[in-house]
Every structure is written in structure tokens, then in C-alpha cells.
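S.K.: Can you look at this prediction? I've put the sequence above it.
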Amino acid sequence: MSVLEYKCPACGGTLLFDSESQRMKCPYCDSEFDTKEVSESESPDIFKLESKELSQEEKAGMIVYGCPSCGGEIVGDSATAATFCPFCGNTAIIPQQLTGMLRPDLIIPFKVTREAARDALKSFYKGKALLPSVFRQQNRLESIKGIYVPFWLIDCEAHASIQYKATNVQVWSDAYYNYAKTDYYRLYREGGVNFERIPADASTKMDDAYMESIEPFDYKAAVNFNTAYLSGFFADKYDVDSGAAKQRSDQRVRNSIISLFRSTVTGYATCESVSVNLRLSHGKLRYALLPVWMLNTQYNDKIYTFAMNGQTGKFTGALPMSRGKFFIWFFGLFVGLGAIGTLIAVML
């Protein structure tokens, strides 16, 4: 198995993709090169260093690659497309994982820097009143990784017809009786909606809920895939096929259609759907790598994971809660509501 590495023609250092300048940059001599210049060079040997073919070992789902810089062994799995050497720290791109049917169509380059991701985590803590004080003081960042996560981008045309039953209630009274009149209605909604580039997480390693929480991505910034963008980041190839991804995207389409049509039904006291008929027609399918920062922190021997959109900076994650602060807050709320209730009773 061969490993690809981009070398600086000036000093021989490993070129990394710089998210700020959107260029290939050498961390040793600060030389910069355009990604197209690197990937389309007439003399590819100037930029690329590829190891000799190595025997592939696979034990318990793991594969060993050889680092072209120091010869050290890089351990990954069958989905690893870009990683780092644990001995010399140089980036390692595995082109065999990105060829043929596995080669991505598109990639959105990282825009958010590692430092910005680290600062975003600190900002995420702010305003969280129930966050344990010790978490802020003793919490430490265990790891921060920039990962190109594989996604299927699915185009879909949906046609739906939904039937509702709704009611309106009128209430009045006279000197003798109270009256209530209920009117019943049968409502229909029908129409079509086109969806473009619905993202479906194609990696079993990633939490689908986290990946959907950091949407949307701006696909106008997507470019044709180029391995140069992977330098300096981790990357995986897909291990969720397009068929399974379509099942999840179809459910998202269904939920969106139901919510959209329901929002057009207004002016009724109650409304519930009776039947939902949905026809889906899938269009173009694209395979893309999208930028995600994954951050892990440790508190009380537990790892807390956060995800950040590497293009827009949108952040998500779960935080611990202080039980003591919660009970103080709950008691304060209970006492406050009791005081308001007493005041209202006195006024009446």
C-alpha cells in the first residue's frame, strides 16, 4: 500500500493546506503554492513523494501503512484516506482509498482554523448557567482534529398529498345556558418540492445527529476534488453506501414536507393529518468530503465530544450539568412562582 505526501520544492518539508489563505503552505520555510499548481504540476515529482509498494496487513479491521518520510508504521482502518504519522508528525494521504468509485466528486476546503475552533469551544461554555464551575477550571482539551467527513449529496423531487381534519369551536352563553358549537373541516394540501444536495453522513464513525446539527454547508464554495486539500487534515472514505444514505435522506424529506404543508394550515382550533401520500424521485447523486472539526474534552473521567462546521463555524455538543446549580435554580423558580401566586391571590 503506498502513501502520498506533498513535498516543498524549496526545503523538502511537507506541504499542508492552509485554511486561511486557501493555498498549500510549507510550515518550515513558509513557501506557498496554489493547490492546482501542486496537483497539476508538469513535474509531479517536484511536489509528490510516494513510497514503494508495501504489503498490506489487516488485523481486527486495522491496516498498516508505511510513512514515506521516516518509514514508521501508520495504523489506520479500511476507511482511512488521510492521517498523520505518529513518529514524525507528517501528513499521509493514501491515494488508493480515493480512486475509482471511491474518488470524491467534490470537496469543501476548511475555512475555520484550528485556533478558531479552540476559541469557539471556550465561547460555547459562556452563558451556560448550569455548567459545573470545576468543568471550566479543570477541563482540558484532549484532542482537536480537522476531518474531511464523507457525505452523499442527494437530489430529490418530492410530490405529496396530505389530508387533514380540523375543527373550530365557538363558545357563548345567555342567562340560562352555556353553549359550544364545533365545526368540522376536511382539508387537502397537494404539491411538489425539489430538494438539491441533501447531505447524508456516509461515515459510521460520525454521529448523524451531530453532523445534521452543524448544517448547512455552502455548496457554492465546493470545488472539484483535489488531494492537496487533504494535506494537514484527517479524512475518511465512505463506509455507508448510497442506498442506506438515501433511506435517511428520504426520512428527512418526508419530515420537511409534512412540516412545510402543515405550516399552510392556519386559523383552526385543532388540526391533525389523516393521510400522507408521498412520492419521491431521486436525481443526481454526488460523493463529497466536507470539513468538520471534532473536539474532545475530559471531565470526571468522561469524554465530551463537540463538532464544528469547518466552513461556517457552527458549533454543537453536549455539556455536563451541575446538580447543585440545577436544584438551586429549580428551588428559586419554585419560590418565585409561589410568591407570584400569593400576590395574585391577595389582589383578588
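M.R.: Great, that's in hand. This structure is a prediction, so every number in the text was calculated from the model and none was measured.

S.K.: okay, CA-based contacts and neighbour counts for the rest of this
M.R.: Noted.

S.K.: What segments of the protein are helices?
M.R.: 35-39, 114-125, 133-138, 208-213, 242-262, 323-347 (DSSP state H).

S.K.: Lowest mean pLDDT across those, which one is that?
M.R.: When those are ranked by mean pLDDT, helix 323-347 comes last with a mean of 46.

S.K.: Provide the strand pairings for the longest strand seen in the chain, with the direction of each partner.
M.R.: Of all the segments assigned as strand in the chain under DSSP state E, the longest by residue count is strand 140-173. Its sheet considered, strand 140-173 pairs with strand 178-201 (antiparallel), strand 234-236 (parallel), strand 270-299 (antiparallel) by DSSP bridges.

S.K.: Kindly state the beta-bridge partners for I93.
M.R.: In beta-bridge terms (that is, DSSP bridges), I93 pairs with L4, A82.

S.K.: Offset the numbering so it begins at 51, please.
M.R.: Let's use 51 as the start, then, which means that last one is I143.

S.K.: That one: what's it in contact with?
M.R.: I143 makes contacts with V53, L54, E55, A131, A132, T133, T277, L280, S281, as judged by C-alpha atoms under 8 Å, 6 or more residues apart in numbering.

S.K.: Could you rerun that using 10 Å?
M.R.: 52-56, 100, 117, 130-134, 277-278, 280-285 (C-alpha atoms under 10 Å, 6 or more residues apart in numbering).

S.K.: Please apply the same query to A278.
M.R.: A278 neighbours (C-alpha under 10 Å, 6+ apart): 55-56, 65-67, 73-74, 84-89, 143.

S.K.: so what are the domain limits for the chain?
M.R.: 54-148, 164-367 (automatic domain parsing).

S.K.: Looking at the ones you listed, spot the one closest to L156.
M.R.: Ranking the domains of the chain by proximity to L156 (C-alpha to C-alpha) places domain 164-367 first, at 4.6 Å.

S.K.: sorry, back to before: now tabulate the domains of the chain in TSV and tack on distance to I157.
M.R.: TSV is the format used below for the domains of the chain (distance: least, C-alpha to C-alpha, whole Å):
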stretch	distance to I157
domain 54-148	12
domain 164-367	5
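
S.K.: that older thread, between the strands paired with strand 190-223, which gets nearest to S211?
M.R.: strand 228-251 (4.2 Å).

S.K.: Quick check: buried residues in that closest one?
M.R.: I248, P249, A250, D251 (16 or more other C-alpha atoms under 10 Å).

S.K.: what is the mean pLDDT for that strand?
M.R.: 95.

S.K.: now it, how far from the centre of its chain.
M.R.: For strand 228-251, the separation from the chain centroid amounts to 29 Å (computed by C-alpha atoms, centre = their mean, to the nearest Å).

S.K.: What of stretch 76-89?
M.R.: Relative to the mean C-alpha coordinate of its chain, stretch 76-89 is positioned 28 Å out (C-alpha atoms, centre = their mean).

S.K.: For A230, which residues are in contact?
M.R.: The contact partners of A230, by C-alpha under 10 Å, 6+ apart, come to V219, Q220, V221, W222, S223.

S.K.: Need those residues in JSON lines (columns: distance to G241).
M.R.: Formatted as JSON lines, the contacts of A230 follow (distance: C-alpha to C-alpha, whole Å):
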{"residue": "V219", "distance to G241": "29"}
{"residue": "Q220", "distance to G241": "32"}
{"residue": "V221", "distance to G241": "35"}
{"residue": "W222", "distance to G241": "39"}
{"residue": "S223", "distance to G241": "42"}
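
S.K.: between those, which is closest to Y269?
M.R.: So of these, ranked by how close each gets to Y269 (C-alpha to C-alpha), first place is V219, at 47.4 Å.

S.K.: Around that closest one, count how many other residues there are.
M.R.: 12 (other C-alpha atoms under 10 Å).

S.K.: before we move on, what about the one 3 residues further on?
M.R.: By other C-alpha under 10 Å, 9 other residues sit near W222.

S.K.: next one: S69
M.R.: For S69, the neighbour count with other C-alpha under 10 Å is 19.

S.K.: Would you mind measuring from it to T85?
M.R.: Between S69 and T85 the distance, using C-alpha to C-alpha, to the nearest Å, works out to 12 Å.

S.K.: I157 now?
M.R.: 13 Å.

S.K.: who's more crowded, those two?
M.R.: Higher neighbour count among I157 and T85: I157, with 25 against 18, using other C-alpha under 10 Å.

S.K.: pLDDT score for the nearest residue to that one once chain neighbours are set aside?
M.R.: Once flanking residues are discounted, I157 sits nearest to L339: 4.8 Å by C-alpha to C-alpha, 6 or more residues apart in numbering. Looking at L339, its pLDDT stands at 95.

S.K.: Equivalent analysis for the one 3 residues further on, please.
M.R.: Reading off the per-residue confidence, V342 sits at a pLDDT of 96.

S.K.: same deal with the one 5 residues further on?
M.R.: The score at T347 is 84. That number is its pLDDT.

S.K.: Report the contact partners of the closest residue in space to it that isn't next to it in sequence.
M.R.: Residue nearest to T347 in three dimensions, not counting chain neighbours: L191, with 4.6 Å by C-alpha to C-alpha, 6+ apart. By C-alpha under 10 Å, 6+ apart, the contact list for L191 reads R168, L171, L345, N346, T347, Q348, Y349, I353, Y354.

S.K.: repeat for T232
M.R.: So T232 contacts T217, N218, V219, Q220, V221, A319 (C-alpha under 10 Å, 6+ apart).
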